[in-house]
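*Asks:* No sequence on hand, only this structure:
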């Protein structure tokens, strides 16, 4: 008994018994032999048993039926003999005696199976010399791009470029992806090539029939020659636009069709050959992986960005918290020292006053020995040290009433520089003053701000003693975005040690020799700026010295 | 020669000033707190008062105001460790002639006093 064996193609290994009269072959379910593969028309062919012979009839399939490489004429019954190989779509079929436990592979050696089965002879003639080594290279190149680029558009553009390079007869190629928002297919990349005949090409008007079928069924569609296709398989656009061949494969991500790769030719049929469908399918799979990767990458990047933003926000909050804590600590220090200093100044200066007056009375005695006079002088000097210290302290016991008036910081600095001039001359210090223009008048206590500037100038002068280069820089200006007036006082001294940086504004912190400084100057300066709702900090500068920054609010801190 | 009242809660401070001013030929009286300063003032009727600003109980500023009520023409010189000009100004507004700060420079004190007395 004869049976129909599928010896190559997607259904290879299947066998079908033939009806006594007519056996239908096609892609739709109502066929006796159903070959659900692209290239097979819905109703492709009929096998007819007549007088012990078997005939095949092409029922207007668009790819045709081939017997031993020869295309049969549509509508003509052609006899099939045992051993004949005939081709429907991608399936190679053969009529054989029913195998009895025989290994099919043995019956049909590999060589036979590998016989080129091509439905488009004209292409074979033109492209016979082309082997598929470039295909491997192509896939490698594209894989490399996938590895390098996470931009889905770049990757898909490269895929289209490579397809256009490889399939030289096609005129247009495009990749469409399903827009997750709208649920519509959108063109992501496209490329056209104008041949000598076609002239300017319109925007690709995709054959909806083809595209919809691929999207719906998730299977590739190939029409090497639309002029031979079923009318039903052709969309109006294909006919109107004179599309000669169309190939369209799905892009599947995790089993779901997410888009398509589409190529067509306008000028000639057979823009590609059957193997190109496999190539396109392979590219589609690779592109789908790339799409998936890009989506994962985007999701990951988004997550990372969000995390980074969250961390930044957290960092800022932490920093603000630290600054607030620092300010609180500093405020508490200020208040504590303020409370203490009034009492201390009083307690110290009263006995000092008595000692001082006693010394003055003693000095006025006329019969004093030289050694006694010397001792008295030393006592007076040491008392002066105590007095100087308590005067510094006494600045905290001043009433909190301020004399706020509108002032130009440049004028305050000019005045302070004038007062400091003798000192600069004594220490041979050059000044480099840069006044910012158009500084607004700001509300401040002129005396106290002058005291701060004077303190800083004094410190800078001391810091540069013994240094080769002694330049005191003063710069004023508006700090961005313009809500603070800034003063920078820089010296070319020895700078501030890193370990001292956070202590320089602490009360009683000093690096000066014993008796040379009380460690209150910067603390007082800081507290005065603080009272003005301003900011003050120190940095080491490029000349090896220190720079002190003061910023005072233009609105006096009252917004 | 002038009649002078020295008011300070520190007895040693009073003693030094008394010794100094006496050596210059003045008639010096002392008081160690606010209430005794007022009674002493009424008793002695001095031309000039050196008045400590900060004292326990009644402070220098209150004593000043009381003294000025009794004798608006008296010369009061405030002595203070407080370098606050605000407070010092307030004493001037309340009728003090001047203020000097501790530690007191005796020469300066004498100068201020003599300038006033020679008016």
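*Replies:* Nice, thanks for sending it over. Everything quoted here is computed from the prediction, not taken from an experiment.
*Asks:* avg pLDDT for stretch A:220-240?
*Replies:* Here stretch A:220-240 scores 64 as its mean pLDDT.
*Asks:* If you could redo that for stretch A:287-297, that was the one I meant.
*Replies:* In the prediction, stretch A:287-297 has an average pLDDT of 77.
*Asks:* what does it rub up against?
*Replies:* Contacting residues not belonging to stretch A:287-297 are listed as A:142, A:146, A:150-152, A:155-156, A:159, A:175, A:177, A:251-254, A:258-259, A:261 [CB atoms under 8 Å, 6 or more residues apart in numbering or on different chains]. For every residue, glycine as well, the C-beta is placed using N, CA and C.
*Asks:* which parts of that stretch are buried?
*Replies:* A:287-294 (16 or more other CB atoms under 10 Å in any protein chain shown).
*Asks:* related to what we said a few turns ago, filter the contacts of stretch A:287-297 down to the buried ones.
*Replies:* Buried, going by 16+ other CB under 10 Å: A:142, A:146, A:150, A:152, A:155-156, A:159, A:175, A:177, A:251-253, A:258-259, A:261, out of those.
*Asks:* Confirm residue A:539 sits in a helix?
*Replies:* No. Counting by DSSP: H, G, I helix; E, B strand; the rest coil, residue A:539 is not part of a helix but strand.
*Asks:* how much space is there between residue A:48 and residue A:56?
*Replies:* 8 Å (CB to CB, to the nearest Å).
*Asks:* Name the residues of the stretch 101-250 of chain A found near chain B, please.
*Replies:* Counting by CB under 8 Å from any CB of the partner chain, no residue of the stretch 101-250 of chain A lies close to chain B.
*Asks:* Show me where the stretch 101-250 of chain A dips below the pLDDT cut-off.
*Replies:* A:101-150, A:195-206, A:227-242 (pLDDT under 70).
*Asks:* follow-up on the earlier one: just the ones of the buried residues of stretch A:287-297 in helices?
*Replies:* A:287-294 (DSSP state H).
*Asks:* and after the helix or strand harbouring residue A:473, which helix or strand comes next?
*Replies:* Assigned by DSSP states H and E, residue A:473 belongs to strand A:471-479. Scanning forward in sequence from strand A:471-479 by DSSP H and E, the next helix or strand is strand A:484-490.
*Asks:* Listing partners with orientation, what would you give for that next one?
*Replies:* strand A:471-479 (antiparallel), strand A:546-553 (antiparallel) (DSSP bridges).
*Asks:* which one of those strands is the most hemmed in?
*Replies:* strand A:546-553 (a mean of 21; mean count of other CB atoms under 10 Å in any protein chain shown).
*Asks:* any idea of the mean pLDDT for that one?
*Replies:* Strand A:546-553 comes out at a mean pLDDT of 94.
*Asks:* Next: stretch A:42-51.
*Replies:* Mean predicted confidence for stretch A:42-51 is 89.
*Asks:* quick one: contacts of it?
*Replies:* A:4, A:18-28, A:31, A:33, A:35, A:54-59, A:61, A:65, A:77, A:80, A:88-89, A:230, A:232.
*Asks:* Same check on stretch A:16-36?
*Replies:* A:1-4, A:6, A:9-11, A:37, A:40-49, A:54, A:59, A:61, A:88-89, A:91.
*Asks:* Give me the buried positions along that stretch.
*Replies:* In stretch A:16-36, the ones that count as buried by 16+ other CB under 10 Å are A:16, A:18, A:23-27, A:31-35.
*Asks:* Distance to residue A:504 added to these, as a markdown table?
*Replies:* Converted to a markdown table, the buried residues of stretch A:16-36 look like this (distance: CB to CB, whole Å):
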| residue | distance to residue A:504 |
| --- | --- |
| A:16 | 96 |
| A:18 | 103 |
| A:23 | 101 |
| A:24 | 98 |
| A:25 | 95 |
| A:26 | 92 |
| A:27 | 87 |
| A:31 | 94 |
| A:32 | 98 |
| A:33 | 95 |
| A:34 | 90 |
| A:35 | 89 |
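*Asks:* From those, pick the one nearest chain B.
*Replies:* residue A:27 (104.2 Å; CB to the nearest CB).
*Asks:* isn't residue A:409 right up against residue A:485?
*Replies:* Yes. With contact defined as CB atoms under 8 Å, residue A:409 reaches residue A:485; the gap is 5.2 Å.
*Asks:* list the residues that contact both of those two?
*Replies:* What both residue A:409 and residue A:485 touch, as defined by CB under 8 Å, 6+ apart, is the set A:439, A:442, A:476, A:552.
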